[in-house]
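**Student:** I'd like to go over a predicted model; first the sequence, then the structure.
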Amino acid sequence: MSKTPNWQKWIDHRLPIFSFIKKDLKTYPTPKNLNYLWNFGSLAGLTLVVMMLTGIFLAMHYDPSEQYAFQSIEHIMRDVNYGWLLRYIHMNGASMFFIIIYIHMLRGLYYGSYKNPRELLWILGVIIYLLMMLTAFLGYVLPWGQMSYWGATVITSMFSAIPLIGDTIVSWIWGGFTVSNPTLNRFFVLHYLFPFLIVGCVLLHLVALHVHKSNNPAGIDLRKQDMLPFHPFYTIKDLLGLGIYIIVFAFFVFFAPNFFGEPINYEPANPLVTPEHIVPEWYFLPFYAILRSVPDKLGGVILMLGAVFILFIVPWLDTHPVRSATYRPIYKWAFWLLITDLFVLCWVGANPPKGIFILIGQFATAFYFFFFLVLMPILSKFENPLSVPRTLDDIKKRKLPFFSIIFYLILFTSFSSIANHETQPSLPKLNWSFDGPFGTFDRAQLQRGFQVYKEVCSACHSLENIYYRDLSALGYSKKEIKAFALETTVKDGPNDEGEMFDIPGRPSDKFFFPYLNENAARAANNGAFPPNLSLIVKARLYGTDYVYGLLTGYCNAPKGIEVPEGMSYNTYFRGHLLSMPPPLITGAVTFSDGMPATVDQMSRDVAAFLTWAAEPEMEVRKQMGIKVIIFTMILTILFFFAMRRIWARMKE
Amino acid sequence: MSNKKSTRRDFLIITTSAVGTVGVGAFMWPFIDSMNPSKDVLAGATTEVHLAPIQLGQSITAVWQGKPIFIRHRTPEEIKSAKDVPISNLIDPQTDAERVIKPQWLIVVGICTHLGCIPAGQKPGENRGPYNGWFCPCHGSAYDTAGRIRTGPAPKNLLVPHYTFLEDTVIRIGKEV
């Protein structure tokens, strides 16, 4: 053992940080039989740190105003160095955080980690969970997309269910008569504040944990010789878990960054139009399903809040003397039924409240409360446990973590079924050069697509988020880009006389907006507003295929459907009737590379171009993703071997 | 425990720590770089100025990257007085020719090199200081007709930005990205 240097002693005598590190991080006694489910506490802590870091850096570029919030997010995605990376980490981090926390909570529920003497530890955890839900909700409002806006409206409107003062409270929360600028501003401030409250609660959670130490899979109180120093045994085990976690996290960030999100949130908030199908983020779905299962406004809200708050009294609902479900055959099955029930609730919450879903939702809601209010207390009294080992030496074989494996499997497979719920005529699935983790854009195709946009689409549609300078990514030279910019004029001024004047466009200018304002655009287009196409591919499910499908999907209306004057019938448009006449006709443009300008070809090319316009970072993102994942895999393998070496010491 | 085993472990642990440290370092870079000027800021990093309307002896202030740019259409006397100063008398020795492209146009960043105030002397009637250039009101630095520091606490001459003549009387300030 090396001697403690004098300066350390000097500091420690006055401020005992070194003894704290030693006592609570290094020699801190940890049960030697913890399984990998015990990794999720430290993972949650690290996720919190990552969320706060990315959040602080994002806040440096974000503008919490009705007018600029949406644009500032696009500014982050397109112009800020690594802005897309920070945002995608933050966005997916929210989902990862909830996955981690749900596993962490369910682990506690399975192994009875809330039982005497850890009741306050559990309650602090539930408080953290509540704060997390609040923070996540507030954060989801900030991009100010359609789902942000309407999510905020629906959730805040729940307070109007309060008798007598409900409406007053709602307008107090809004700071206005609808969700509007004051609402956004305060939501931003609170979204920034709450994580610090979470940090405070996490510290208390840890203080409470370190009094009686971790529970363990056997659920029994352990002897001194069954404990290991936290460092290096559990630091390395936590690091191994972290490595695997980063690989999963990175997969979403780099290769499926919008997997957990709703496409419609890439449309700017519109206070006059609610999207057809509004759903909360996946982590709220069970509660959303409970809310909707009650046909009464106040009743629904009460039941939904009850579903969360019931967690506070779990330590007094389940008073069975045996902690771990391993030795409670009936509770174990009840637990897995609860898990199934939660997934059913998720599935119901993701679907529109129609027909059979209402009934299933009501059954699932009933079981949720039945589990906590009836099963838990009854089993506490009458369940006969298996024989519980007195010490760890009595456990002979290490059991395979059978249940956790099934648990993970259910978790991951269900996500995909929950995520893609939209039911529309199925889109043609084309092969694109940029599909898959190694796909890249075909520059020739992008240039053709840009030509189609410039010569056809741009007559009505803007591409507001693109600058001429961005075209260098399509393979154009500086000179060509200057020439494109010069084709347009930009308003400048005022000059010394106070008048506005036109100047020729420059590469640093944004793409030309074809109309004076929205009303002028509507007047010219039969009352419909041709949307900004910069984000259309992200704002639709399977966006690239959707654009292609829409452009090639014009046909005669089936019998019995009347197409009003000035509208057209389209297979893939929602509701089938749209104001845009078929925009492409064979030979509408002449491609310089000799590609025949068929409707099919032009549609493909412009769909590819618009994919680039929506995700200009895609190639860089995927390339970085491959590097990050390879690097993390190497690191994880190193962690694995390091862990084997370190844990070999225990047996000596 | 055998010696061989413990060396292997040490090597493994050291490698793992090193790779982990590299990872943490690499993770930090995007955060740091996100605070650098973004692409749209960099793209707007140049300014074009038309010099034709500026009368002989007149000064205008243009804005480049948010900073004031002093553009003075110098009279022959001003050019002469700037050229006649012996270099050895200067705090930050530079000839007049090193500071201009065309002698009649003096173009400098209008920020005092002492602590960042904007020197007076642009408008007629403002105190141009003892050397007929600019005079900083904050701590009394005086600049001459070539924008060079002559007296006062400022250590450097007024900065000459990068600029090019696009036409006879049109300049672009800043480097094109």
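**Tutor:** Good, I have the coordinates.
**Student:** which residue packs closest to A:I244, ignoring adjacent ones?
**Tutor:** Distances taken as C-beta to C-beta, 6 or more residues apart in numbering or on different chains put A:T636 closest to A:I244, at 6.1 Å, once the chain neighbours are dropped. In this view, the C-beta of every residue, glycine as well, is placed from N, C-alpha and C.
**Student:** can you list the buried residues in the helix or strand where the one you found lies?
**Tutor:** Here A:T636 sits within helix A:618-651, counting by DSSP states H and E. Neighbour counts using 16 or more other C-beta atoms under 10 Å in any protein chain shown place A:618, A:621-622, A:624-625, A:628-629, A:631-632, A:635-636, A:638-643, A:645-646 of helix A:618-651 among the buried residues.
**Student:** average pLDDT across it?
**Tutor:** Across helix A:618-651, the average pLDDT comes to 94.
**Student:** which secondary structure elements does that helix contact?
**Tutor:** In terms of contacts (3 or more C-beta pairs under 8 Å, 6 or more residues apart in numbering or on different chains; DSSP states H and E), helix A:618-651 is packed against helix A:83-111, helix A:230-255, helix B:3-33.
**Student:** could you give the angle of it to helix A:83-111?
**Tutor:** If you take axes from the mean of the first three to the mean of the last three C-alpha atoms, to 10 degrees, helix A:618-651 sits at 40 degrees to helix A:83-111.
**Student:** what's the angle from helix A:618-651 to helix B:3-33?
**Tutor:** Using the same axes, to 10 degrees, helix A:618-651 lies at 150 degrees relative to helix B:3-33.
**Student:** please compute how far helix A:618-651 lies from its chain's middle.
**Tutor:** 24 Å (C-alpha atoms, centre = their mean, to the nearest Å).
**Student:** about what we covered before: isn't the residue nearest to A:I244 up against A:L240?
**Tutor:** Yes - proximity of A:T636 to A:L240 meets the contact threshold set by C-beta atoms under 8 Å, at 6.7 Å.
**Student:** angles on the backbone of A:S433, please.
**Tutor:** Note on A:S433: backbone dihedrals following degrees, to the nearest 10 are phi -60, psi -20.
**Student:** now do the closest residue to it other than its chain neighbours against B:M35, distance only.
**Tutor:** The spatial neighbour of A:S433 that comes closest, neighbours along the chain excluded (C-beta to C-beta, 6+ apart), is A:D442 at 4.3 Å. Computed as C-beta to C-beta, to the nearest Å, the A:D442 to B:M35 distance reads 35 Å.
**Student:** which of the two has more neighbours?
**Tutor:** Set side by side, A:D442 and B:M35 show more neighbours around A:D442, with 15 against 12, by other C-beta atoms under 10 Å in any protein chain shown.
**Student:** find the nearest non-adjacent residue to the residue nearest the centre of chain B, please.
**Tutor:** Geometric centre of chain B, nearest residue: B:L159, 4.9 Å, by C-alpha atoms, centre = their mean. Excluding the flanking residues, the one nearest B:L159 by C-beta to C-beta, 6+ apart is B:V109, at 4.3 Å.
**Student:** repeat for A:T590
**Tutor:** Sequence neighbours aside, A:A597 is the residue nearest to A:T590 in space, at 6.5 Å (criterion: C-beta to C-beta, 6+ apart).
**Student:** looking at it, that neighbour is touching A:R604, isn't it?
**Tutor:** No - A:A597 is not in contact with A:R604 according to C-beta under 8 Å; the separation is 11.3 Å.
**Student:** okay, these two: which has more neighbours?
**Tutor:** Shown here are A:A597 and A:R604; by other C-beta under 10 Å, A:R604 has more neighbours (22 against 19).
**Student:** got the contact list for the more buried one?
**Tutor:** By C-beta atoms under 8 Å, 6 or more residues apart in numbering or on different chains, the residues touching A:R604 are A:430, A:445, A:548.
**Student:** quick one: buried ones out of those residues?
**Tutor:** Buried members of these, scored by 16+ other C-beta under 10 Å, are A:445, A:548.
**Student:** between the contacts of A:R604, which sits nearest chain B?
**Tutor:** For the contacts of A:R604, the closest approach to chain B (C-beta to the nearest C-beta) belongs to A:Q445, at 24.1 Å.
**Student:** next up, the contacts around the closest one.
**Tutor:** A:Q445 makes contact with A:433, A:604-605, A:608-609 under the criterion C-beta under 8 Å, 6+ apart.
**Student:** among these, which are in helices?
**Tutor:** Among those, the members falling in helices (DSSP state H) are A:604-605, A:608-609.
**Student:** which among these count as buried?
**Tutor:** By neighbour count, with 16+ other C-beta under 10 Å, the ones in helices among the contacts of A:Q445 hold A:604-605, A:608-609 as buried.
**Student:** identify the farthest-apart pair in these.
**Tutor:** The largest separation in these, counting by C-beta to C-beta, is between A:R604 and A:F609 at 9.7 Å.
**Student:** re the thing from before, the residue nearest to A:T590: what secondary structure?
**Tutor:** Assigned by DSSP: H, G, I helix; E, B strand; the rest coil, the conformation of A:A597 is coil.
**Student:** low-confidence regions, chain A specifically.
**Tutor:** A:1-2, A:396-404, A:407-408, A:411-425, A:651-652 (pLDDT under 70).
**Student:** what residues does it have near chain B?
**Tutor:** A:53-54, A:57, A:60-61, A:75, A:78-83, A:85-86, A:239, A:467, A:469, A:507-508, A:631-632, A:634-635, A:638-639, A:641-642, A:645-646, A:652 (C-beta under 8 Å from any C-beta of the partner chain).
**Student:** one more pass at 6 Å, please.
**Tutor:** Residues of chain A lying near chain B by C-beta under 6 Å from any C-beta of the partner chain: A:57, A:79-82, A:85-86, A:469, A:508, A:635, A:638, A:641-642, A:645.
**Student:** quick one on the thing from earlier: right, so the helices and strands packed on helix A:618-651: which one is the most enclosed?
**Tutor:** helix A:83-111 (a mean of 22; mean count of other C-beta atoms under 10 Å in any protein chain shown).
**Student:** that helix versus helix A:230-255: what angle between them?
**Tutor:** Here the directions of helix A:83-111 and helix A:230-255 differ by 130 degrees (the same axes, to 10 degrees).
**Student:** which other helices and strands contact helix A:83-111?
**Tutor:** helix A:40-59, helix A:69-78, helix A:230-255 (3 or more C-beta pairs under 6 Å, 6 or more residues apart in numbering or on different chains; DSSP states H and E).
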